[in-house]
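1. build me a model from this:
(one chain, ligands or ions: 1)
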Amino acid sequence: MELIAGVIKSYDWGSRTTLAELTGRTAPSSTTEAEMWFGAHESAPSPLPESSGPATLVERIGTDPLASLGSQCRDAFGGRLPFLLKVLAVQRSLSLQAHPTEVQARAGYAGENRGGIPLDAAHRNYRDDRHKPELVVALEQFEALAGFRDVPATVDLLTAIDVPELAEDVALLAASPTPGKLKCVATRWLGLSSEYHTQVDDTVLKRTTALLASGGSVVDRFRAELSTASELARDYRGDRGVLMSLLLNRVTLAPGEGLYLPAGNLHAYLSGTAVEIMANSDNVLRGGLTTKHIDVAELSAILDFDPISVEVLRPHSSGVEYRYSTPAREFMLTRWELDHSTAYVVDNSGPSIVLCMSGDATIRHAGTTRSLHTGEALWVPAGETDLSFEADGPRAQLFVASVGKVSSELAA
Ligand SMILES: [Zn+2]
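-> Next up, the predicted model:
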């Protein structure tokens with residue numbers, strides 16, 4: 001095992017304090033730091049600060065894929081580390097987005113290659129040929145929009161807000177609350193001009209502000225939805241994301257709770273700090289709340305318009321290890337809440353990344369001992385099984401990213 005450094009990504013929705021404080025640097029930072037990546041994505045691989053050989057985790061794995069990944073992981077994922085681990089610091093909402101299935105990603109990537117669109121072009125949708133299921137785990141209260149809400153409830157919300165420009169759409173949904181009609185309305189809204197969105201957003205802002213002030217049963221039922229629409233209409237006037245937010249489930253995660261986002265799920269993170277793990281891909285189709293490239297036609301083509309009720313993912317717990325089970329074969333995430341002086345043995349068969357999010361911890365494998373401080377992470381290559389974890393103080397919190405179902409096959 002060896003230390004890997006996180007790569008900070010500064011985006012306008014990030015925080016000047018969260019990641020700086022986490023990693024022991026002076027806060028506020030000079031830029032709005034949004035994400036810290038740990039992994040082997042080609043665009044921002046983790047540096048290896050202690051290495052005298054390969055400089056990054058991508059190079060380490062490329063030099064010896066078998067020792068790094070083990071044969072099964074190497075063969076299953078084309079010699080690549082299949083997951084990417086991030087810390088997110090969401091100061092204000094980030095782009096409304098969805099991710100493709102594997103089939104869509106392969107077709108989209110090949111199509112853009114045939115069209116001669118450079119891989120680093122700003123208007124490129126597909127930067128690789130892989131899907132990107134994601135799991136976000138809240139470190140503090142975390143707010144998000146995810147998946148289309150049950151249509152009758154959306155009709156109730158839109159009826160209460162009562163925007164004249166949307167009356168025909170509401171009537172259509174009320175008469176026929178089906179995914180097909182929802183798709184008609186959502187794609188129409190995505191296609192409207194920004195002038196039209198600006199006009200409607202002003203009405204949304206006025207009506208939601210008045211509703212929130214008046215109170216009543218509709219406000220009791222939809223307070224978070226109304227507040228979010230009001231904030232977005234103020235901060236993103238004229239953006240498609242304001243109206244789209246009215247169609248999506250509004251989710252609040254408590255610390256430790258997770259949210260799994262499969263392909264086609266339209267989502268946006270609104271605020272909070274979280275650990276996120278995903279398949280190692282950069283394929284994002286955006287629909288609003290961003291200055292980055294938006295491709296409404298491609299987004300509409302990959303969206304899943306079937307309404308869902310959001311299932312907050314609560315981990316299976318032994319009291320020390322908290323395991324977040326998802327269908328993704330690229331990743332598995334566990335959280336370890338260590339208390340003083342007990343060593344816990346971890347069954348770790350495949351490659352993994354151990355990230356310390358609070359306190360200090362000691363990680364042992366065979367004769368090797370490492371201390372890990374808050375904000376630091378270790379790369380553990382395949383085959384370094386029987387790790388043990390111990391807090392170096394009253395408490396420490398670790399996250400362990402590893403390969404999904406393939407790793408249980410490895411252990412068998
Ligand atoms: Zn996403």
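2. count of residues packed around Lys181?
-> Residue crowding around Lys181 was assessed by other C-beta atoms under 10 Å; the count is 17. For every residue, glycine as well, the C-beta is placed using N, CA and C.
3. that one sits in which helix or strand?
-> helix 179-191 (DSSP states H and E).
4. and the helix or strand just after that helix, what does it pack onto?
-> Note on helix 179-191: by DSSP H and E, the next helix or strand toward the C-terminus is helix 194-214. Counting contacts by 3 or more C-beta pairs under 8 Å, 6 or more residues apart in numbering; DSSP states H and E, helix 194-214 is packed against helix 151-161, helix 217-235, helix 240-245.
5. before we move on, the earlier item: any idea of the angle the helix holding Lys181 forms with helix 151-161?
-> 40 degrees (axes from the mean of the first three to the mean of the last three C-alpha atoms, to 10 degrees).
6. now for helix 179-191, which elements pack on it?
-> Looks like helix 179-191 contacts strand 142-148, helix 151-161, helix 167-175, helix 240-245, helix 296-302 (3+ C-beta pairs under 8 Å, 6+ apart).
7. what would these look like in CSV with distance to Pro262?
-> Compiled in CSV, those are given as follows (distance: least, C-beta to C-beta, whole Å):
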stretch, distance to Pro262
strand 142-148, 9
helix 151-161, 20
helix 167-175, 24
helix 240-245, 18
helix 296-302, 12
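8. show me the one of those that comes nearest Glu376.
-> strand 142-148 (22.6 Å; C-beta to C-beta).
9. can you list the strands that that closest one pairs with?
-> strand 248-253 (antiparallel), strand 267-279 (antiparallel) (DSSP bridges).
10. coming back round to it: could you give the mean pLDDT of the helix holding Lys181?
-> Over the span of helix 179-191, the pLDDT mean works out to 95.
11. now swap in stretch 229-238 and tell me
-> Here the average pLDDT along stretch 229-238 is 96.
12. buried set for it?
-> Buried residues in stretch 229-238, counting neighbours by 16 or more other C-beta atoms under 10 Å, are found at Ala229, Ser230, Glu231, Leu232, Ala233, Tyr236, Gly238.
13. for it, C-alpha coordinates in CSV please.
-> Provided in CSV are the C-alpha atoms of stretch 229-238 (Å, rounded to 0.1, in the frame of the first residue of the first chain):
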residue,chain,number,x,y,z
ALA,A,229,-37.7,26.1,-7.2
SER,A,230,-37.6,29.6,-5.6
GLU,A,231,-33.8,29.5,-5.0
LEU,A,232,-33.1,28.2,-8.5
ALA,A,233,-35.4,30.8,-10.2
ARG,A,234,-33.5,33.5,-8.3
ASP,A,235,-30.0,32.1,-8.9
TYR,A,236,-30.4,30.6,-12.4
ARG,A,237,-33.0,32.9,-14.0
GLY,A,238,-33.7,31.7,-17.5
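14. touching that stretch from outside, list them.
-> Residues outside stretch 229-238 that contact it (C-beta atoms under 8 Å, 6 or more residues apart in numbering) are 92-93, 161, 194-195, 197-198, 201-202, 204-205, 208-209, 212, 239, 241-242, 245-246, 288-289.
15. go on, stretch 294-304?
-> Under C-beta under 8 Å, 6+ apart, the answer for stretch 294-304 is 98-101, 104, 108, 123, 125, 147-148, 183, 186-187, 190-191, 240, 262-266, 285-288.
16. on that earlier part again, show me which of the contacts of stretch 229-238 are buried.
-> In the contacts of stretch 229-238, the ones that pass as buried (16+ other C-beta under 10 Å) are 92-93, 161, 197, 201, 204-205, 208-209, 239, 241-242, 245-246, 288-289.
17. what about Glu42, how many residues close to it?
-> Around Glu42 there are 13 residues (other C-beta under 10 Å).
18. my bad, should have said Asp150
-> By other C-beta under 10 Å, neighbour count at Asp150 equals 14.
19. likewise for the one 4 residues further on?
-> Each residue near Thr154 was counted by other C-beta under 10 Å, and the total is 23.
20. that one contacts Leu247, correct?
-> Yes. Using C-beta atoms under 8 Å, Thr154 is in contact with Leu247, at 5.7 Å.
21. what is in contact with those two at once?
-> Common neighbours of Thr154 and Leu247 (C-beta under 8 Å, 6+ apart) are Phe148, Leu182.
22. other residues contacting the helix holding Lys181?
-> Here helix 179-191 has contacts from 148, 151, 154, 169, 172-173, 240, 243-244, 247, 287, 296, 299-300, 303, 305-307, using C-beta under 8 Å, 6+ apart.
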